[in-house]
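S.K.: A structural model of the following input is requested.
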Amino acid sequence: MSSVVRCLLFLVIVNSTGKAVKKNILFIIVDDLRPALGCYNDVNAHTPHINALAKKSVVFKHAFAQQALCAPSRNSFLTSRRPDSIRLYDFYSYWRETAGNFTTLPQYFKQNGYHTMSIGKIFHPGISSNYSDDQPYSWSEEPFHPPTEQYRDSPVCHGTSGQPGRNLICPVSVELQPGKSLPDLQSLEAAKKFLREKREEPFLLAVGFHKPHIPLKFPREYLDETSKLIRQSYYAATSYIDDLIGQLLKELNSHNWKNNTIIILTGDHGWSLGEHGEWSKYSNFEVSVRVPLIIHVPGITDVPDYVKTNEVPNSSVHPSISNAIVELVDIFPTLVELSEAGDLLQQCPDTERQPTLCTEGVSLAPLIYKAGWKGKFTTRKKAAFSQYPRPGMYPTLKPNSDKPHLSQIEYMGYSLRTHTHRYTEWVYFQKQIFQPDWTKVVARELYDHTIDPLEDLNLADRPQLHDLVHMLSAQLHAGWRHSLATE
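M.R.: Purely as a prediction, here's the structure:
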(Lines give C-alpha, C1' and ligand atoms only; values in the text may rest on other atoms or scores of the structure.)
Protein backbone atom coordinates (compact mmCIF):
# COMPACT_ATOMS: atom_id res chain seq x y z
CA MET A 1 0.00 0.00 0.00
CA SER A 2 1.44 3.38 -1.01
CA SER A 3 2.04 6.12 1.52
CA VAL A 4 -0.48 8.36 -0.23
CA VAL A 5 -3.23 5.74 -0.13
CA ARG A 6 -2.44 5.03 3.51
CA CYS A 7 -2.74 8.73 4.28
CA LEU A 8 -6.07 9.00 2.49
CA LEU A 9 -7.46 6.07 4.44
CA PHE A 10 -6.96 8.08 7.60
CA LEU A 11 -9.31 10.76 6.32
CA VAL A 12 -12.52 8.84 6.98
CA ILE A 13 -13.19 8.14 10.63
CA VAL A 14 -16.36 6.25 11.40
CA ASN A 15 -18.35 5.78 14.59
CA SER A 16 -19.94 2.60 15.91
CA THR A 17 -22.92 3.01 13.55
CA GLY A 18 -20.67 3.08 10.52
CA LYS A 19 -21.40 6.74 9.73
CA ALA A 20 -18.59 9.13 8.87
CA VAL A 21 -17.66 11.44 11.73
CA LYS A 22 -16.86 15.04 10.89
CA LYS A 23 -13.55 16.30 12.19
CA ASN A 24 -13.54 18.73 15.09
CA ILE A 25 -11.51 21.93 14.87
CA LEU A 26 -9.44 23.64 17.55
CA PHE A 27 -8.53 27.10 16.27
CA ILE A 28 -5.94 28.90 18.43
CA ILE A 29 -5.30 32.59 17.77
CA VAL A 30 -2.52 34.36 19.66
CA ASP A 31 -2.65 38.16 19.72
CA ASP A 32 0.35 40.00 18.21
CA LEU A 33 2.35 36.80 17.77
CA ARG A 34 5.32 37.01 15.43
CA PRO A 35 7.16 33.74 14.67
CA ALA A 36 9.06 34.05 17.97
CA LEU A 37 8.93 30.28 18.42
CA GLY A 38 11.47 27.52 18.66
CA CYS A 39 9.90 25.71 15.70
CA TYR A 40 10.68 28.80 13.61
CA ASN A 41 14.33 28.59 14.69
CA ASP A 42 14.14 31.55 17.06
CA VAL A 43 16.97 30.82 19.48
CA ASN A 44 15.56 33.19 22.11
CA ALA A 45 12.20 31.44 22.31
CA HIS A 46 11.22 28.96 24.99
CA THR A 47 8.11 27.35 23.48
CA PRO A 48 8.31 23.58 24.08
CA HIS A 49 4.57 22.92 23.79
CA ILE A 50 4.11 24.71 20.47
CA ASN A 51 7.29 22.98 19.26
CA ALA A 52 5.75 19.62 20.19
CA LEU A 53 2.60 20.49 18.21
CA ALA A 54 4.77 21.54 15.27
CA LYS A 55 6.48 18.12 15.27
CA LYS A 56 3.19 16.54 14.14
CA SER A 57 2.03 19.39 11.92
CA VAL A 58 2.84 21.34 8.79
CA VAL A 59 4.71 24.54 9.63
CA PHE A 60 4.17 27.28 7.07
CA LYS A 61 7.33 29.33 7.05
CA HIS A 62 6.04 32.21 4.92
CA ALA A 63 2.54 33.12 6.17
CA PHE A 64 1.33 36.72 6.05
CA ALA A 65 -1.49 38.82 7.48
CA GLN A 66 -3.39 41.22 5.22
CA GLN A 67 -3.17 44.17 7.63
CA ALA A 68 -1.08 44.55 10.79
CA LEU A 69 -3.90 45.68 13.07
CA CYS A 70 -6.12 43.46 15.21
CA ALA A 71 -9.67 44.23 14.04
CA PRO A 72 -9.00 44.50 10.28
CA SER A 73 -6.84 41.37 10.30
CA ARG A 74 -9.38 39.28 12.19
CA ASN A 75 -12.27 40.55 10.10
CA SER A 76 -10.23 39.61 7.03
CA PHE A 77 -9.28 36.04 7.86
CA LEU A 78 -12.60 35.21 9.56
CA THR A 79 -14.46 36.17 6.37
CA SER A 80 -11.65 35.27 3.91
CA ARG A 81 -11.94 38.74 2.39
CA ARG A 82 -9.18 41.28 1.99
CA PRO A 83 -9.34 44.71 3.66
CA ASP A 84 -10.42 46.52 0.49
CA SER A 85 -13.36 44.10 0.17
CA ILE A 86 -14.41 44.41 3.80
CA ARG A 87 -13.77 48.16 3.56
CA LEU A 88 -12.58 48.30 7.16
CA TYR A 89 -9.09 49.42 8.10
CA ASP A 90 -9.86 50.41 11.69
CA PHE A 91 -11.91 49.45 14.77
CA TYR A 92 -14.86 51.75 14.25
CA SER A 93 -17.55 49.99 12.21
CA TYR A 94 -19.17 46.60 11.56
CA TRP A 95 -18.60 44.98 8.18
CA ARG A 96 -22.12 43.50 7.93
CA GLU A 97 -23.51 47.04 7.97
CA THR A 98 -20.85 48.82 5.90
CA ALA A 99 -19.65 46.28 3.33
CA GLY A 100 -21.80 43.17 3.09
CA ASN A 101 -23.47 40.37 5.02
CA PHE A 102 -20.48 38.09 4.54
CA THR A 103 -20.53 34.54 5.91
CA THR A 104 -17.84 34.03 8.54
CA LEU A 105 -15.70 30.98 9.17
CA PRO A 106 -17.55 29.97 12.38
CA GLN A 107 -20.90 30.81 10.78
CA TYR A 108 -20.17 28.41 7.92
CA PHE A 109 -19.41 25.58 10.33
CA LYS A 110 -22.43 26.40 12.49
CA GLN A 111 -24.63 26.17 9.39
CA ASN A 112 -23.07 22.80 8.58
CA GLY A 113 -23.91 21.09 11.88
CA TYR A 114 -21.03 22.19 14.10
CA HIS A 115 -21.26 23.50 17.64
CA THR A 116 -19.19 26.68 17.45
CA MET A 117 -17.73 28.33 20.54
CA SER A 118 -15.64 31.49 20.98
CA ILE A 119 -13.38 31.86 24.01
CA GLY A 120 -11.23 34.93 24.59
CA LYS A 121 -10.34 37.26 21.71
CA ILE A 122 -11.49 35.89 18.35
CA PHE A 123 -13.31 38.77 16.70
CA HIS A 124 -12.07 42.10 17.95
CA PRO A 125 -14.47 43.24 20.70
CA GLY A 126 -16.56 46.40 20.38
CA ILE A 127 -18.32 47.95 17.43
CA SER A 128 -16.16 46.09 14.87
CA SER A 129 -18.03 42.90 15.85
CA ASN A 130 -21.32 44.66 16.71
CA TYR A 131 -20.58 44.51 20.47
CA SER A 132 -21.59 40.85 20.33
CA ASP A 133 -18.68 38.95 18.71
CA ASP A 134 -20.91 38.69 15.64
CA GLN A 135 -23.79 37.01 17.43
CA PRO A 136 -26.11 35.35 16.66
CA TYR A 137 -24.54 34.61 13.29
CA SER A 138 -21.22 32.99 14.17
CA TRP A 139 -21.55 31.13 17.46
CA SER A 140 -23.80 28.41 18.88
CA GLU A 141 -23.68 29.92 22.35
CA GLU A 142 -22.66 33.17 23.98
CA PRO A 143 -18.94 33.85 23.52
CA PHE A 144 -16.80 33.75 26.65
CA HIS A 145 -14.78 36.79 27.67
CA PRO A 146 -12.60 36.43 30.77
CA PRO A 147 -13.94 38.61 33.61
CA THR A 148 -10.47 39.85 34.56
CA GLU A 149 -10.07 41.49 31.15
CA GLN A 150 -11.75 44.51 32.74
CA TYR A 151 -8.52 45.00 34.73
CA ARG A 152 -6.35 45.09 31.59
CA ASP A 153 -4.96 48.57 32.30
CA SER A 154 -5.25 48.58 36.07
CA PRO A 155 -2.27 50.03 38.02
CA VAL A 156 -0.85 46.68 39.17
CA CYS A 157 2.66 46.83 37.68
CA HIS A 158 5.54 47.28 40.10
CA GLY A 159 8.31 49.49 38.76
CA THR A 160 11.57 50.66 40.27
CA SER A 161 9.72 52.71 42.88
CA GLY A 162 8.05 49.60 44.25
CA GLN A 163 4.63 51.24 43.96
CA PRO A 164 1.93 49.75 41.72
CA GLY A 165 1.19 51.62 38.51
CA ARG A 166 0.64 51.18 34.78
CA ASN A 167 3.45 50.04 32.53
CA LEU A 168 4.17 48.35 29.22
CA ILE A 169 6.16 45.68 31.08
CA CYS A 170 4.17 44.08 33.85
CA PRO A 171 5.26 40.78 35.45
CA VAL A 172 2.85 40.10 38.31
CA SER A 173 1.99 37.70 41.11
CA VAL A 174 -1.27 36.14 39.97
CA GLU A 175 -2.70 35.68 43.47
CA LEU A 176 -2.37 39.42 44.10
CA GLN A 177 -4.28 40.46 40.96
CA PRO A 178 -7.87 41.74 40.92
CA GLY A 179 -9.96 38.61 40.64
CA LYS A 180 -6.89 36.56 41.63
CA SER A 181 -6.36 35.50 38.03
CA LEU A 182 -5.42 36.75 34.55
CA PRO A 183 -7.56 36.78 31.38
CA ASP A 184 -5.68 34.05 29.53
CA LEU A 185 -5.75 31.77 32.56
CA GLN A 186 -9.53 32.18 32.68
CA SER A 187 -9.84 31.53 28.95
CA LEU A 188 -7.82 28.33 29.37
CA GLU A 189 -10.17 27.10 32.10
CA ALA A 190 -13.22 27.92 29.98
CA ALA A 191 -11.74 26.01 27.02
CA LYS A 192 -10.92 23.00 29.19
CA LYS A 193 -14.46 23.04 30.56
CA PHE A 194 -15.83 23.07 27.00
CA LEU A 195 -13.70 20.04 26.07
CA ARG A 196 -14.99 18.09 29.07
CA GLU A 197 -18.61 18.46 27.96
CA LYS A 198 -20.26 15.61 26.08
CA ARG A 199 -21.94 16.41 22.76
CA GLU A 200 -23.08 14.55 19.70
CA GLU A 201 -22.28 17.17 17.07
CA PRO A 202 -18.75 18.05 15.96
CA PHE A 203 -17.29 21.26 17.36
CA LEU A 204 -15.28 24.26 16.28
CA LEU A 205 -13.61 25.67 19.38
CA ALA A 206 -11.87 29.00 18.79
CA VAL A 207 -9.56 30.08 21.62
CA GLY A 208 -8.01 33.54 21.49
CA PHE A 209 -5.16 34.32 23.87
CA HIS A 210 -4.51 38.01 24.61
CA LYS A 211 -0.77 37.88 25.24
CA PRO A 212 1.79 38.82 24.04
CA HIS A 213 -0.34 41.89 23.22
CA ILE A 214 0.61 44.91 25.33
CA PRO A 215 0.58 45.52 28.23
CA LEU A 216 2.99 42.63 28.69
CA LYS A 217 1.29 41.34 31.82
CA PHE A 218 2.13 37.77 32.75
CA PRO A 219 3.00 35.66 35.82
CA ARG A 220 6.37 36.74 37.18
CA GLU A 221 7.90 33.25 37.01
CA TYR A 222 8.01 33.29 33.20
CA LEU A 223 10.75 35.93 33.28
CA ASP A 224 13.18 33.17 34.19
CA GLU A 225 12.97 31.71 30.67
CA THR A 226 14.32 34.67 28.64
CA SER A 227 16.55 37.78 28.60
CA LYS A 228 15.91 41.59 28.88
CA LEU A 229 13.47 44.54 28.99
CA ILE A 230 10.73 44.72 26.34
CA ARG A 231 12.19 41.86 24.30
CA GLN A 232 12.51 39.81 27.45
CA SER A 233 8.92 40.54 28.40
CA TYR A 234 7.59 39.77 24.92
CA TYR A 235 9.35 36.42 24.91
CA ALA A 236 8.29 35.76 28.50
CA ALA A 237 4.66 36.49 27.61
CA THR A 238 5.00 34.12 24.65
CA SER A 239 6.40 31.42 26.95
CA TYR A 240 3.41 32.00 29.23
CA ILE A 241 0.98 31.45 26.34
CA ASP A 242 2.98 28.43 25.19
CA ASP A 243 2.45 26.88 28.62
CA LEU A 244 -1.31 27.54 28.44
CA ILE A 245 -1.47 26.03 24.96
CA GLY A 246 0.33 22.99 26.33
CA GLN A 247 -2.32 22.62 29.02
CA LEU A 248 -5.11 23.08 26.47
CA LEU A 249 -3.67 20.39 24.19
CA LYS A 250 -3.21 18.07 27.15
CA GLU A 251 -6.90 18.48 27.98
CA LEU A 252 -7.83 17.79 24.36
CA ASN A 253 -5.70 14.66 24.30
CA SER A 254 -7.18 13.35 27.54
CA HIS A 255 -10.59 12.97 25.89
CA ASN A 256 -11.78 11.23 22.76
CA TRP A 257 -11.05 14.31 20.64
CA LYS A 258 -7.36 13.59 20.08
CA ASN A 259 -7.64 11.51 16.90
CA ASN A 260 -10.42 13.50 15.27
CA THR A 261 -9.50 17.15 15.80
CA ILE A 262 -7.76 19.45 13.35
CA ILE A 263 -5.58 21.96 15.21
CA ILE A 264 -4.57 25.27 13.71
CA LEU A 265 -2.41 27.86 15.47
CA THR A 266 -1.64 31.34 14.21
CA GLY A 267 -1.30 35.00 15.16
CA ASP A 268 -3.40 37.89 13.85
CA HIS A 269 -0.22 39.77 12.79
CA GLY A 270 3.36 40.23 13.88
CA TRP A 271 5.06 42.71 16.20
CA SER A 272 8.20 44.81 15.97
CA LEU A 273 10.77 44.45 18.72
CA GLY A 274 12.81 47.52 17.87
CA GLU A 275 13.28 46.76 14.19
CA HIS A 276 13.14 49.98 12.14
CA GLY A 277 12.91 51.86 15.44
CA GLU A 278 9.38 50.54 16.04
CA TRP A 279 7.86 48.78 19.04
CA SER A 280 4.54 47.41 17.87
CA LYS A 281 2.80 46.66 14.55
CA TYR A 282 1.15 49.31 12.30
CA SER A 283 3.30 48.79 9.20
CA ASN A 284 3.91 46.67 6.09
CA PHE A 285 7.34 45.50 7.23
CA GLU A 286 8.00 41.76 7.40
CA VAL A 287 8.10 41.76 11.20
CA SER A 288 4.58 43.24 11.32
CA VAL A 289 2.80 41.09 8.73
CA ARG A 290 4.59 37.73 8.99
CA VAL A 291 2.91 35.28 11.37
CA PRO A 292 3.31 31.68 12.46
CA LEU A 293 0.88 29.20 10.90
CA ILE A 294 0.87 25.61 12.14
CA ILE A 295 -1.72 23.07 10.97
CA HIS A 296 -2.15 19.58 12.43
CA VAL A 297 -4.38 17.01 10.72
CA PRO A 298 -4.77 13.79 12.74
CA GLY A 299 -3.74 10.66 10.89
CA ILE A 300 -2.01 12.69 8.20
CA THR A 301 0.63 15.11 9.45
CA ASP A 302 1.57 12.96 12.44
CA VAL A 303 2.35 9.62 10.78
CA PRO A 304 5.91 8.48 9.91
CA ASP A 305 5.05 7.83 6.26
CA TYR A 306 4.06 11.48 5.87
CA VAL A 307 7.61 12.47 6.74
CA LYS A 308 9.16 9.88 4.46
CA THR A 309 6.86 10.62 1.54
CA ASN A 310 7.80 14.29 1.55
CA GLU A 311 11.52 13.71 2.01
CA VAL A 312 11.78 15.99 5.01
CA PRO A 313 15.24 16.02 6.63
CA ASN A 314 15.53 14.46 10.05
CA SER A 315 14.49 17.07 12.62
CA SER A 316 13.72 17.07 16.31
CA VAL A 317 11.45 20.10 15.86
CA HIS A 318 8.95 19.36 13.10
CA PRO A 319 8.44 16.83 10.32
CA SER A 320 7.33 19.16 7.54
CA ILE A 321 8.11 22.75 6.64
CA SER A 322 6.30 24.43 3.78
CA ASN A 323 8.15 27.24 2.04
CA ALA A 324 5.05 28.18 0.05
CA ILE A 325 3.77 31.74 0.29
CA VAL A 326 0.45 31.66 2.14
CA GLU A 327 -1.90 34.21 3.66
CA LEU A 328 -4.35 34.35 6.55
CA VAL A 329 -7.27 34.61 4.09
CA ASP A 330 -6.37 31.00 3.18
CA ILE A 331 -7.41 29.64 6.59
CA PHE A 332 -11.18 29.59 5.94
CA PRO A 333 -11.11 27.57 2.67
CA THR A 334 -8.41 25.32 4.12
CA LEU A 335 -10.49 24.32 7.15
CA VAL A 336 -13.53 23.74 4.96
CA GLU A 337 -11.62 21.31 2.75
CA LEU A 338 -9.71 19.58 5.56
CA SER A 339 -12.84 19.01 7.64
CA GLU A 340 -15.07 17.99 4.72
CA ALA A 341 -17.83 19.83 6.57
CA GLY A 342 -19.67 20.96 3.45
CA ASP A 343 -19.29 22.43 -0.01
CA LEU A 344 -15.90 23.90 -0.84
CA LEU A 345 -15.65 27.67 -1.06
CA GLN A 346 -15.58 29.20 -4.52
CA GLN A 347 -13.28 32.08 -5.35
CA CYS A 348 -14.95 35.48 -5.09
CA PRO A 349 -15.64 37.02 -8.49
CA ASP A 350 -13.85 40.20 -9.46
CA THR A 351 -17.01 42.28 -9.31
CA GLU A 352 -18.24 45.18 -7.21
CA ARG A 353 -21.03 43.09 -5.69
CA GLN A 354 -19.76 39.82 -4.24
CA PRO A 355 -21.78 36.85 -2.94
CA THR A 356 -22.12 36.35 0.80
CA LEU A 357 -20.09 33.12 0.74
CA CYS A 358 -16.85 32.97 -1.24
CA THR A 359 -13.13 33.25 -0.60
CA GLU A 360 -10.34 35.61 -1.56
CA GLY A 361 -7.83 33.00 -0.48
CA VAL A 362 -7.03 29.45 -1.57
CA SER A 363 -7.17 26.14 0.26
CA LEU A 364 -3.85 24.91 1.64
CA ALA A 365 -5.12 21.31 1.78
CA PRO A 366 -3.22 20.31 -1.38
CA LEU A 367 0.00 21.60 0.17
CA ILE A 368 -0.73 19.57 3.29
CA TYR A 369 -1.70 16.38 1.48
CA LYS A 370 1.02 16.98 -1.09
CA ALA A 371 0.30 14.42 -3.83
CA GLY A 372 -2.74 16.19 -5.24
CA TRP A 373 -5.48 16.03 -2.65
CA LYS A 374 -8.33 14.02 -4.20
CA GLY A 375 -6.81 14.58 -7.59
CA LYS A 376 -7.25 18.35 -7.39
CA PHE A 377 -4.56 20.71 -8.56
CA THR A 378 -2.46 22.76 -6.20
CA THR A 379 -2.69 26.53 -6.38
CA ARG A 380 0.49 28.22 -5.33
CA LYS A 381 0.95 31.94 -4.84
CA LYS A 382 3.59 34.03 -6.51
CA ALA A 383 3.11 36.67 -3.81
CA ALA A 384 1.29 37.69 -0.64
CA PHE A 385 -0.52 41.03 -0.34
CA SER A 386 -0.73 43.31 2.69
CA GLN A 387 -1.70 46.94 3.19
CA TYR A 388 -1.70 49.75 5.73
CA PRO A 389 -3.47 53.17 5.81
CA ARG A 390 -1.99 56.55 6.77
CA PRO A 391 -3.61 59.97 7.31
CA GLY A 392 -0.52 61.88 6.16
CA MET A 393 3.07 61.75 5.03
CA TYR A 394 4.55 62.02 8.52
CA PRO A 395 3.80 60.52 11.95
CA THR A 396 1.15 62.43 13.91
CA LEU A 397 -0.76 62.06 17.15
CA LYS A 398 -3.90 63.82 15.89
CA PRO A 399 -5.00 62.21 13.69
CA ASN A 400 -3.37 59.03 14.93
CA SER A 401 -1.08 58.01 12.09
CA ASP A 402 -1.01 54.40 13.32
CA LYS A 403 -4.78 53.97 13.70
CA PRO A 404 -6.59 56.47 11.45
CA HIS A 405 -10.36 56.46 10.99
CA LEU A 406 -11.61 55.79 7.48
CA SER A 407 -12.47 59.47 7.02
CA GLN A 408 -8.86 60.40 7.84
CA ILE A 409 -7.12 58.04 5.40
CA GLU A 410 -5.24 59.88 2.65
CA TYR A 411 -2.66 57.26 1.67
CA MET A 412 -2.57 53.48 1.49
CA GLY A 413 0.59 51.44 1.47
CA TYR A 414 0.12 48.33 -0.68
CA SER A 415 2.79 45.67 -0.17
CA LEU A 416 3.73 42.67 -2.28
CA ARG A 417 5.89 39.85 -0.86
CA THR A 418 7.39 37.42 -3.36
CA HIS A 419 9.83 34.62 -2.53
CA THR A 420 12.73 37.02 -2.92
CA HIS A 421 11.50 40.60 -2.50
CA ARG A 422 9.11 42.90 -0.70
CA TYR A 423 7.83 45.77 -2.81
CA THR A 424 5.54 48.51 -1.44
CA GLU A 425 3.87 51.51 -3.03
CA TRP A 426 2.34 54.35 -1.03
CA VAL A 427 -0.45 55.89 -3.10
CA TYR A 428 -3.32 58.30 -2.75
CA PHE A 429 -6.37 56.42 -1.50
CA GLN A 430 -9.84 57.22 -2.82
CA LYS A 431 -11.72 56.46 0.38
CA GLN A 432 -15.12 57.23 -1.10
CA ILE A 433 -14.81 54.28 -3.48
CA PHE A 434 -12.26 52.26 -1.46
CA GLN A 435 -9.70 52.16 -4.26
CA PRO A 436 -6.11 53.29 -4.74
CA ASP A 437 -5.13 55.86 -7.33
CA TRP A 438 -2.14 54.10 -8.86
CA THR A 439 -1.29 57.22 -10.88
CA LYS A 440 -0.37 59.06 -7.68
CA VAL A 441 2.51 57.18 -6.09
CA VAL A 442 4.17 59.19 -3.30
CA ALA A 443 6.77 56.64 -2.16
CA ARG A 444 8.18 53.22 -3.00
CA GLU A 445 10.02 50.58 -0.99
CA LEU A 446 11.99 47.61 -2.31
CA TYR A 447 13.79 45.07 -0.12
CA ASP A 448 15.79 42.11 -1.38
CA HIS A 449 15.31 39.22 1.05
CA THR A 450 18.19 37.26 -0.41
CA ILE A 451 20.65 39.81 1.03
CA ASP A 452 18.52 41.88 3.43
CA PRO A 453 15.98 39.74 5.35
CA LEU A 454 15.55 42.49 7.99
CA GLU A 455 14.44 44.98 5.32
CA ASP A 456 16.93 47.64 6.35
CA LEU A 457 18.02 48.78 2.87
CA ASN A 458 15.43 50.38 0.55
CA LEU A 459 16.57 49.73 -3.03
CA ALA A 460 13.59 51.29 -4.83
CA ASP A 461 15.55 54.27 -6.19
CA ARG A 462 18.52 52.28 -7.57
CA PRO A 463 18.65 52.95 -11.33
CA GLN A 464 19.96 49.46 -12.08
CA LEU A 465 16.81 47.99 -10.49
CA HIS A 466 14.38 50.04 -12.56
CA ASP A 467 13.16 47.02 -14.55
CA LEU A 468 12.60 44.99 -11.39
CA VAL A 469 10.63 47.83 -9.80
CA HIS A 470 8.55 48.17 -12.97
CA MET A 471 7.79 44.42 -12.99
CA LEU A 472 6.85 44.27 -9.31
CA SER A 473 4.74 47.41 -9.64
CA ALA A 474 2.75 45.81 -12.46
CA GLN A 475 2.28 42.67 -10.36
CA LEU A 476 1.10 44.74 -7.40
CA HIS A 477 -1.40 46.69 -9.53
CA ALA A 478 -2.74 43.48 -11.11
CA GLY A 479 -3.74 42.21 -7.67
CA TRP A 480 -3.86 38.91 -5.86
CA ARG A 481 -5.88 36.99 -8.47
CA HIS A 482 -3.07 37.41 -10.99
CA SER A 483 -0.49 36.05 -8.55
CA LEU A 484 -1.99 32.57 -8.42
CA ALA A 485 -0.16 29.77 -10.23
CA THR A 486 -1.76 26.38 -10.83
CA GLU A 487 0.41 23.25 -10.71
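S.K.: Wasn't Ser363 part of a helix?
M.R.: No. Assignment of Ser363 by DSSP: H, G, I helix; E, B strand; the rest coil gives coil, placing it outside any helix.
S.K.: heads up, I number from 20, so please use that
M.R.: Taking 20 as the first residue, the last one we looked at is Ser382.
S.K.: Let me see the contact set for it.
M.R.: Under the criterion of Cβ atoms under 8 Å, 6 or more residues apart in numbering, the neighbours of Ser382 are Asp349, Pro352, Thr353, Val355, Glu356, Leu363, Leu364, Thr398. The C-beta positions use only the backbone N, C-alpha and C, and glycine is treated the same way.
S.K.: in the chain, what spans have low per-residue confidence?
M.R.: Regions of the chain meeting the criterion pLDDT under 70 cover residues 20-39, 178-181, 243-247, 322-338, 390-398, 505-506.
S.K.: how near is Gln406 to Val488?
M.R.: Taking Cβ to Cβ, to the nearest Å as the criterion, Gln406 is separated from Val488 by 18 Å.
S.K.: sorry, back to before: filter the contacts of Ser382 to the buried ones?
M.R.: Under a neighbour-count criterion of 16 or more other Cβ atoms under 10 Å, the subset of the contacts of Ser382 counted as buried comprises Asp349, Pro352, Thr353, Val355, Glu356, Leu364, Thr398.
S.K.: residue ranges of the strands in the stretch 220-369 of the chain, please?
M.R.: Counting by DSSP state E, counting those that start in this stretch, the stretch 220-369 of the chain has these strands, from start to end: 222-228, 235-238, 280-286, 309-315, 339-346.
S.K.: Now do the fourth one against strand 339-346, angle only.
M.R.: Here strand 309-315 runs at 130 degrees with respect to strand 339-346, directions being taken by axes from the mean of the first three to the mean of the last three Cα atoms, to 10 degrees.
S.K.: Can you tell me which helices and strands strand 309-315 packs against?
M.R.: In this structure, strand 309-315 packs against helix 67-74, strand 77-83, strand 280-286, helix 350-358, with contacts taken as 3 or more Cβ pairs under 8 Å, 6 or more residues apart in numbering; DSSP states H and E.
S.K.: Throw these into TSV and include distance to Glu297, thanks.
M.R.: Supplementary listing: the helices and strands packed on strand 309-315 in TSV, determined by distance: least, Cβ to Cβ, whole Å:
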stretch	distance to Glu297
helix 67-74	25
strand 77-83	18
strand 280-286	17
helix 350-358	26
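S.K.: which two in the contacts of Ser382 are spaced the farthest apart?
M.R.: Based on Cβ to Cβ, the longest span within those runs between Val355 and Thr398 and measures 14.6 Å.
S.K.: if we can go back for a sec, just send the contacts of Ser382 back as JSON lines, with distance to Arg215 too.
M.R.: Rendered in JSON lines, the data for the contacts of Ser382 read as follows (distance: Cβ to Cβ, whole Å):
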{"residue": "Asp349", "distance to Arg215": "32"}
{"residue": "Pro352", "distance to Arg215": "31"}
{"residue": "Thr353", "distance to Arg215": "28"}
{"residue": "Val355", "distance to Arg215": "27"}
{"residue": "Glu356", "distance to Arg215": "29"}
{"residue": "Leu363", "distance to Arg215": "33"}
{"residue": "Leu364", "distance to Arg215": "32"}
{"residue": "Thr398", "distance to Arg215": "39"}
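S.K.: Between the residues you listed, which sits nearest Tyr254?
M.R.: Distance to Tyr254, by Cβ to Cβ, is smallest for Asp349 among these, at 27.7 Å.
S.K.: so where's the longest strand in this protein?
M.R.: The strand spanning the most residues in the chain, taking DSSP state E as the definition, is strand 454-467.
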